[in-house]
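Student: Quick check, what structure comes out for this input:
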Amino acid sequence: MKPLFINVAFNLPLDSLFTYAIPQEQDIQPGMRLELPFGKRKLIGFSIEFCDKPRGDFEIKEVIRSIDEMPIFGEREIELAKWVADLYICTLGEALSAMLPGAKKERLIDEEEVGLDGALKHDFPLAEQQKKAIAILSRPESAGQFFYLHGVTGSGKTEVFLRTAEILLKRGKGIIYLVPEISLTHQVFEDFQHLFGSQLAVIHSGLTPSQKLNQWNRISSGQSRCVIGARSAIFAPVPDLGMIVIDEEHDGSYKSQNTPRYHARQVAMYRARREKALLVMGSATPSLEAYYQMKIGRVTEIAMAERLSGGKMPEIKVINMRKEKSQFGADLTAEMYRSIKAKRQCILFLNRRGFAYTFHCRSCGYELQCRHCSVSLTFHKAKAAMVCHYCGFQQQQPSSCPECGSLDLGYFGFGTEKVEEELARIYPDLRMARVDTDSVRKKGALRERLKQFKNHELDVLLGTQMVAKGLNFPKVNLVGILNADMGLQIPDFRAAERTFALIVQVSGRAGRVIPDGKVIVQSFKPENPAIALAAQGRWEEFYQMELEIRKELEFPPFSRLFRLVFRGTKEAEVHAAAQVFGDRLERELGDLADILGPTECPLYRIARNFRVHILIKTKAFNESHKILSSLVRSFTMPAHLYLETDIDPLYLI
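Tutor: Predicted structure coming up:
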C-alpha cells in the first residue's frame, strides 16, 4: 500500500519534523527535496521518512511537488546529518542543508582561476620516505585507522596522497580529498584529471546549482569515485569509501563559521570509523589537537623530514623592528636588491590589506571606528575611503577630526596597499603585483597574476593569506614576512599556534628547488617563542611548550570547549538573555564544567549586532554536551535575538 504521509525537515532553527500528505499522483521517497506550504509561505524541505498517521490534531497540508526525480540523500547521508545535528546542536534540516555542495561562506578558488603549485609528474622515482608512507597507507589493515603525514614543506606529501588514492581506486574504493580554501591549484587538479579522468568530481561554491547537483549525482551513482573539494566535500555521498585525505589539516577554513559549525576533521573521523575508511591528514604544522593525538597514539605519525626536488630548508633571520625607522628594515631592503639583481624573485607577506588601519586625531586622540562594528576603519587610498573589513561599511576619508574639528590628522599602521606604494618609491623600476581580496576581485585576476609571476614577468609578489601556502615557484629565493607578530595581538589562546604555523608555511615558499632560500621575518616581538622557535625550526620545542601552557590552563586538547554567542540590535536584551541562560547553566552543569561569562565578546559589535558570549570548559564532554543540548533546544530566545552554538570553537573573538 502506498504511504499516505511523509515527515519533512526544514532548514530552519525548528527541531520538529513536519508531516505532510502525499498526493496520489506523486512518487515521493525519503531523501528528496520537496516544495511545501509552510504558513503563508512556500518552502523547500527535505523528506526524511514515511509515517502511517500524523502526530497531533491539526490540519495536514499536501506536498506541492518534488524538486528531485530521485532521492539526493540516502539512508547513510540522513544518518550522518542526524549525527551532525546531535553533535553541533542544530536541527536536522540545517545539517542536511550544510551537506549540499557549495555550503555557505565557503570559498574555494575555481580551477579556472587557481594558483600554481608545480604539476606533479609520475615519471620520477619516489624517495624512500614516500615509498615507506605509501606502503603503510595502502595496507588493507590500515582501513579505518587515522594517519598523519608530518613533513616539512616540499617533502612530497601530495604525491603520497595521489599514489595511495590510485592504489585504492584500483581496489574499487572511493576517495575524498579535502583542501583548504585556496590550496586546490591548477596543476594538482590537472594531475588528478590525468590520473583519474572521468572518475574525478570537484565540489566547491563556484559551481551553479545545476552543476552541483550533477556532480552530487555522479558521485552518488559511483560514476565519480574521487572527489576533490573544500570542507563541504566531506559530506560527498561516495559509495565504498576507502580514503579521506585532509591536506593542510591545520587550516582554519576546515571549521564552518555558520550553523552547523562543524569541523571537517571531526566529520572525517566519524565517517572513517563508520565506513572503515583510511583517514590521512597532512601538514608541516599540525594543529595542536592533531599533534597531541599523535603523541598519545590515537593518530599514527608518518614523518617526512626531507625536502625533495633539490631544495633545502631556507635560512631564516628575525629582525627586531623596534630598531628600524621604516616598515622595510635594512636587511630586507638589501636582500631584495640582491635577489632582483640576481634575476631571482621575492614573495612579501603581510596579513593586512588596505593602506593604514587606524585613523586618529593628534589633537584630541579620536579614533575613527565603524558605526556598526567595534573595530577601527581601514584607510584604502585607491578608494579614498575608510572601510570596515567586517561589515563592509565605507565612508569618505575625513578632512578634519569629526570630534574636535582639528586638521592635525594621522594614520597608524600599514597594509598591503601602503607597502606597494613604498616599494614603488624605493624601486621605481620594480615589476610587482599585489594579491589580496581588493586587487583580485575580477574573475581570473588571481590566476593571471600568478601566471605572470611563474613566467618571471614579475619580480615581487606582495600579498596576504593568498601567498601563504600552496605556491611553488622555482625562482623564489627570498620571502619577507612583515609585521609577523600581528596575530599575537588577538585575544585568543590559539594566537601563538597560528602565528607559528603562518611563519613556517610562508617561509616554506623560499628555496623549494634551488637551495639558496632566505626568509626575513620582521617583528616588534622577536623574542616571542612563536616567532623565535619558528625561525629556528624548533617545532617540537614549540609544540611541547604550548602543550604545557594548555595543560596548566586546562585548555584544549586537555579539555573541550563550548561557546554560546548571544547577539541582537538591542543591547540590554542581549545581556539579559545571556544572563538568564548563564544562570541556568550554573544550576544544571554544576561541577561538570567551568563557566566563563556571560561577558562581552572581544569584538563586541558587528554589523549593528551587540555580542555577548559564554564559554564552557569541561573534561566531561558527553555529560556536559547532553545538558547543554537540552538547555539550548528548550530555551526560547526573545524575538529578534539570536543564539549561536559552537562546539569546539576555533575562534573566540
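
Student: counting contacts, what elements does the strand of greatest length in the chain pack onto?
Tutor: Longest strand of the chain, by residue count under DSSP state E: strand 593-606. Strand 593-606 is packed against strand 560-568, helix 571-589, strand 609-618, with contacts defined by 3 or more Cβ pairs under 8 Å, 6 or more residues apart in numbering; DSSP states H and E. To be clear about C-beta, it is placed using only N, CA and C from the backbone, and glycine gets the same treatment.

Student: okay, that strand in CSV with CA atoms only?
Tutor: Once non-C-alpha atoms are left out, strand 593-606 reads as follows in CSV (Å, rounded to 0.1, in the frame of the first residue of the first chain):
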residue,chain,number,x,y,z
ALA,A,593,32.4,22.4,33.8
ASP,A,594,33.9,25.8,34.3
ILE,A,595,31.5,28.5,33.0
LEU,A,596,33.2,31.7,31.9
GLY,A,597,30.8,34.7,31.4
PRO,A,598,28.5,35.9,30.2
THR,A,599,30.7,38.7,29.0
GLU,A,600,31.1,40.9,26.0
CYS,A,601,32.8,39.3,23.0
PRO,A,602,36.3,40.9,22.2
LEU,A,603,34.5,42.2,19.0
TYR,A,604,31.5,43.4,20.9
ARG,A,605,29.6,44.8,17.9
ILE,A,606,29.5,43.5,14.4
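
Student: partners of that strand in the sheet?
Tutor: Sheet pairing of strand 593-606 (DSSP bridges) gives strand 609-618 (antiparallel).

Student: Tell me which of the helices and strands packed on strand 593-606 sits nearest to L43.
Tutor: Minimum separation from L43 across the helices and strands packed on strand 593-606 (Cβ to Cβ) falls at strand 560-568, 24.2 Å.

Student: which residues are in contact with that closest one?
Tutor: Where contact means Cβ atoms under 8 Å, 6 or more residues apart in numbering, the residues beyond strand 560-568 that reach it are 555, 574, 577-578, 581, 598, 601, 606, 609-619, 621, 624-625, 628, 632, 638, 640-649, 652.

Student: Kindly write the PyMOL command that selects the buried subset of those residues.
Tutor: Provided next is the PyMOL selection string for whichever of the contacts of strand 560-568 are buried by 16 or more other Cβ atoms under 10 Å:
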select buried, resi 555+574+577+578+581+598+601+606+609+610+611+612+613+614+615+616+617+618+621+624+625+628+632+641+643+644+645+646+647+648+649+652
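
Student: Next, name the residue at the spatial heart of this structure.
Tutor: Using Cα atoms, centre = their mean, the residue of the chain that lies closest to the mean C-alpha position is S253, 0.3 Å off.

Student: lowest-confidence helix or strand of the chain?
Tutor: Taking mean pLDDT, DSSP states H and E as the measure, the helix or strand of the chain with the lowest value is helix 186-196, at a mean of 66.

Student: what's the next secondary structure element after that one?
Tutor: Beyond helix 186-196 on the C-terminal side, the first helix or strand identified by DSSP states H and E is strand 200-203.

Student: which helices and strands sit right next to that following strand?
Tutor: Under the contact criterion of 3+ Cβ pairs under 8 Å, 6+ apart, the helices and strands touching strand 200-203 comprise helix 186-196, helix 209-221, strand 226-229.

Student: for these, which one sits closest to E315?
Tutor: Set against E315 and scored by Cβ to Cβ, the helices and strands packed on strand 200-203 come closest in helix 186-196, at 27.5 Å.

Student: re the thing from before, and what about the residue nearest to the centre of the chain, helix, strand or coil?
Tutor: The local conformation at S253, judged by DSSP: H, G, I helix; E, B strand; the rest coil, is helix.

Student: Would you mind measuring from it to I302?
Tutor: 24 Å (Cβ to Cβ, to the nearest Å).

Student: Equivalent analysis for L409, please.
Tutor: According to Cβ to Cβ, L409 and I302 sit 56 Å apart.
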